[in-house]
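*Asks:* based on what follows, work out the 3D shape:
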Amino acid sequence: MMKSARLMIAFICLCPGIVHSQQDSVPEFLESVSFVFPNKTVDILKSNYKKANLNFLILHDNENTGVRAAHAFCKINGGSLTELQYGNTRNITFGSRRSLLSFDPNQIFNDVGAYLSLKRHSKGREDSLAVQKARDLARLALKVYNPDTSGYIITLHNNSDGKFSIESYLEGSYLHGTADSVYINPAMDPDDLVLVTDPAFFNFLKQQNVNVVLQSPTGPADGSLSVYAQVNKIPYFNIEVQHGHLAENIRLIYVVESMFKTMGINEEYAQSR
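*Replies:* Numbering: from 1, shown residues only. Next up, the predicted model:
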């Protein structure tokens with residue numbers, strides 16, 4: 001059954017958009033790629049605005065506050081948004097009733113992570129072919145987002161109130177030990193934060209009084225994109241806010257943009273790749 005349901009990848013299609021005569025209010029063009037699992041299609045959509053600026057990536061299809069924040073920013077300032085679309089859920093589920101497989105698309109950036117995610121979330125039995133398909137999706141998502149050109153990765157994630165926050169990295173919490181440094185602004189909602197992989201970025205955001213986490217380079221190789229980026233020396237930024245915190249999401253994007261401008265991240269890291 002698996003052999004007959006081979007992965008199919010559609011070629012990238014460029015779809016010209018309509019550009020507002022006064023401002024970059026809509027994408028200039030879209031890139032659309034379809035990745036087909038058994039009984040599930042994942043669409044990777046890249047909205048490119050006319051003016052170059054920050055490039056965002058959203059992996060979970062139910063994290064819509066991030067989508068709205070990215071488009072709101074790009075409409076005014078330019079940039080791009082790459083997003084996975086597969087049915088407004090967190091995990092990607094495919095297969096049949098007999099073997100229903102599921103994985104977290106932010107846990108597929110190495111073989112071990114993809115295997116463990118399939119094992120954890122699936123009702124059916126994971127196998128090497130399912131792992132390979134999940135890994136191929138990860139490679140395609142990165143190809144469309146194209147961090148080799150920009151020289152960095154910016155992801156947007158949303159969380160639920162009380163389930164994950166910057167406090168999750170403190171001693172006694174389940175992510176303790178995965179961060180080298182944590183700075184908390186008590187005036188901010190703990191669910192709203194930025195995770196980075198470079199001490200210079202951490203220090204800048206700390207000076208801006210923003211909740212910020214510096215990921216440890218010795219953390220678990222769990223298949224997450226942040227670990228992949230750190231291993232491959234790609235500057236990584238995750239802007240994480242609670243579902244519905246749109247204004248804060250947009251504010252944090254502007255703070256990160258100011259860091260890029262101040263530190264010359266676009267030029268320095270794009271040239272080093």
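*Asks:* could I get the phi/psi values of the residue nearest to the spatial centre of the chain?
*Replies:* The centroid of the chain falls nearest to residue 155 when counting by C-alpha atoms, centre = their mean (3.5 Å). Main-chain torsions, residue 155, degrees, to the nearest 10: phi -110, psi 150.
*Asks:* contact partners for it?
*Replies:* Neighbour list for residue 155: 56-59, 225-226, 236-239 [criterion: C-beta atoms under 8 Å, 6 or more residues apart in numbering]. Every C-beta, even on glycine, is put in place using the N, C-alpha and C of the backbone.
*Asks:* ok, residue 104 next?
*Replies:* Contacts of residue 104 (C-beta under 8 Å, 6+ apart): 60, 90-92, 117, 121.
*Asks:* JSON lines for these, including pLDDT and neighbour count?
*Replies:* Output for the contacts of residue 104, formatted as JSON lines (pLDDT from 0 to 100; neighbours: other C-beta atoms under 10 Å):
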{"residue": "60", "pLDDT": "98", "neighbour count": "22"}
{"residue": "90", "pLDDT": "97", "neighbour count": "15"}
{"residue": "91", "pLDDT": "98", "neighbour count": "20"}
{"residue": "92", "pLDDT": "98", "neighbour count": "25"}
{"residue": "117", "pLDDT": "97", "neighbour count": "25"}
{"residue": "121", "pLDDT": "96", "neighbour count": "18"}
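*Asks:* pick out whichever of the contacts of residue 155 sits closest to residue 259.
*Replies:* Closest to residue 259 out of these is residue 237 (8.5 Å), distances taken as C-beta to C-beta.
*Asks:* so that closest one, which state does it fall into?
*Replies:* At residue 237, secondary structure determined by DSSP: H, G, I helix; E, B strand; the rest coil is strand.
*Asks:* so it makes contact with residue 152?
*Replies:* Yes - using C-beta atoms under 8 Å, residue 237 makes contact with residue 152 at a distance of 7.0 Å.
*Asks:* how many residues are close by the nearest residue to residue 119 once chain neighbours are set aside?
*Replies:* For residue 119, the nearest residue in space outside its immediate sequence neighbours is residue 126; the separation is 5.3 Å by C-beta to C-beta, 6 or more residues apart in numbering. Look at residue 126: counted by other C-beta atoms under 10 Å, it has 21 neighbours.
*Asks:* so what's the residue nearest to the centre of the chain bridging to?
*Replies:* Beta bridges link residue 155 to residue 57, residue 238, judged by DSSP bridges.
*Asks:* same check, this time on residue 215
*Replies:* residue 179.
*Asks:* for it, give me its contacts.
*Replies:* Residue 215 neighbours (C-beta under 8 Å, 6+ apart): 178-180, 195-197, 226-227, 230, 236.
*Asks:* from those, which is closest to residue 243?
*Replies:* residue 195 (17.4 Å).
*Asks:* low-scoring pLDDT stretches of the stretch 51-200 of the chain, where are they?
*Replies:* Judged against pLDDT under 70, the stretch 51-200 of the chain has no low-scoring part.
*Asks:* which parts of it are strands?
*Replies:* With DSSP state E, counting those that start in this stretch, the ranges of strands along the stretch 51-200 of the chain come out as 55-58, 80-85, 92-95, 100-103, 153-159, 179-183, 193-196.
*Asks:* of residue 237 and residue 152, who's got more company?
*Replies:* Higher neighbour count among residue 237 and residue 152: residue 237, with 27 against 22, using other C-beta under 10 Å.
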